[in-house]
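**Q** predicted model, plus sequence, below.
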Amino acid sequence: MKTTLKVFILLMGMFFTLAANSQTFKLVWSDEFNGKGVPDPSKWDYELGYVRNNELQYYTKSADNARQHKGKLEITVRKEQIKGTKDGKVEAFEYSSGSVITLNKADWTYGKIEGRFKMPQGKGLWACFWTLGSNIPQIGWPKCGEIDIFEHINSEKLVHGTAHWADESDKHVMKGGNSKEFDVTKWHNYSVVWTPGSIKWYVDEVPFHEVSILDGVKSTQEFHMPHYILINLPIGGSWPGSPDASTKLPATLYCDYVRVYKME
């Protein structure tokens, strides 16, 4: 009897594994960055100015900070003096960078979101490929939900994948995982597979983290709503800390493509 039960459990495990691996995906949106100059305005908008996390950069829409070049998107942080506002006060910022977003251009609920990137390394650098709930202008963060497809800081040899949301008391909740170590300065594919049941993180199709969102468990209803994509390269801030003399600038985050698939 025990042997029969073990065989049954083994067969069921194989069935669900095969079912997951046999999922097919249909491409519904992409940017291969084959144009010239600033990113395609029909697909991308910008974050501008000071935005979050005590970061040191001032976001611009200049092609010096975000451009298409030789079939790649380049997001570049530069050391330069820029005057801008932070918390209603005029300040002098020492760095500029770019943050491109699909807010009000395109958003999605569920699917596979994938990008091919290579990253800079250095103290204070914080490369990001992520999503936010499209209702953030109405309800704010973290109630909108956030999916960090990858975050990379400083000179680590790994990336972080994290989900952020708000619990029933509107308090911030997060659940994250780390990939295995690898060379982030080489080209790699980064993705999430987002279904009504879970969000799974991958590097080069190898999974490293998973969060259950089935039926909005633990107040995860934010992940059953549309999200938009962000790609940015901050410098400094509450997590990586400030750059130092070893940080080589300008520093550039390269993206070969971004593709969004729906499951069939």
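**A** Received it, and whenever you're ready, just let me know what you need.
**Q** all helices of the protein, in order?
**A** Under the criterion DSSP state H, the chain contains helices at 2-21, 136-139.
**Q** let's see the pLDDT reported for residue 168.
**A** Per-residue pLDDT puts residue 168 at 94.
**Q** now for it, how many residues are close by?
**A** Applying the criterion other CB atoms under 10 Å, we find 8 residues in the vicinity of residue 168. Backbone N, C-alpha and C define where each C-beta goes, glycine included.
**Q** please apply the same query to residue 70.
**A** 9.
**Q** how close does it sit to residue 256?
**A** 10 Å (CB to CB, to the nearest Å).
**Q** distance check, residue 166 against residue 218.
**A** From residue 166 to residue 218 the distance is 11 Å (CB to CB).
**Q** give me the common contacts of those two.
**A** Common neighbours of residue 166 and residue 218, counting by CB atoms under 8 Å, 6 or more residues apart in numbering, are residue 173.
**Q** who has more neighbours, these two?
**A** A count of neighbours by other CB under 10 Å puts residue 166 above the other of residue 166 and residue 218, at 20 against 14.
**Q** that one and residue 222 touch, don't they?
**A** Yes - using CB atoms under 8 Å, residue 166 is in contact with residue 222, at 7.1 Å.
**Q** mutual contacts of those two, please.
**A** 142, 143.
**Q** mind listing what's buried along stretch 231-240?
**A** 231, 232, 233, 234, 235, 236, 237, 240 (16 or more other CB atoms under 10 Å).
**Q** now it: average pLDDT?
**A** Mean per-residue pLDDT for stretch 231-240: 98.
**Q** swap in stretch 147-154?
**A** According to the model, stretch 147-154 has a mean pLDDT of 98.
**Q** before we move on, what about stretch 195-212?
**A** For stretch 195-212, the per-residue pLDDT averages 98.
**Q** quick check: end-to-end length of it?
**A** Distance between the two ends of stretch 195-212: 9 Å, counting by CA to CA, to the nearest Å.
**Q** in the stretch 1-150 of the chain, where is pLDDT below threshold?
**A** Within the stretch 1-150 of the chain, the stretches with pLDDT under 70 are 1-22.
**Q** and if we set it to 80?
**A** 1-23 (pLDDT under 80).
**Q** against which helices or strands is the lengthiest strand in the chain packed?
**A** Counting by DSSP state E, the longest strand found in the chain is strand 72-86. Here strand 72-86 touches strand 57-59, strand 66-69, strand 89-97, strand 99-101, strand 227-232, strand 251-263, going by 3 or more CB pairs under 8 Å, 6 or more residues apart in numbering; DSSP states H and E.
**Q** switch to 6 Å and redo it
**A** Strand 72-86 sits against strand 57-59, strand 89-97, strand 251-263, with contacts defined as 3 or more CB pairs under 6 Å, 6 or more residues apart in numbering; DSSP states H and E.
**Q** ok, it: who's next to it in the sheet?
**A** Strand pairing for strand 72-86, determined by DSSP bridges: strand 66-69 (antiparallel), strand 89-97 (antiparallel), strand 251-263 (antiparallel).
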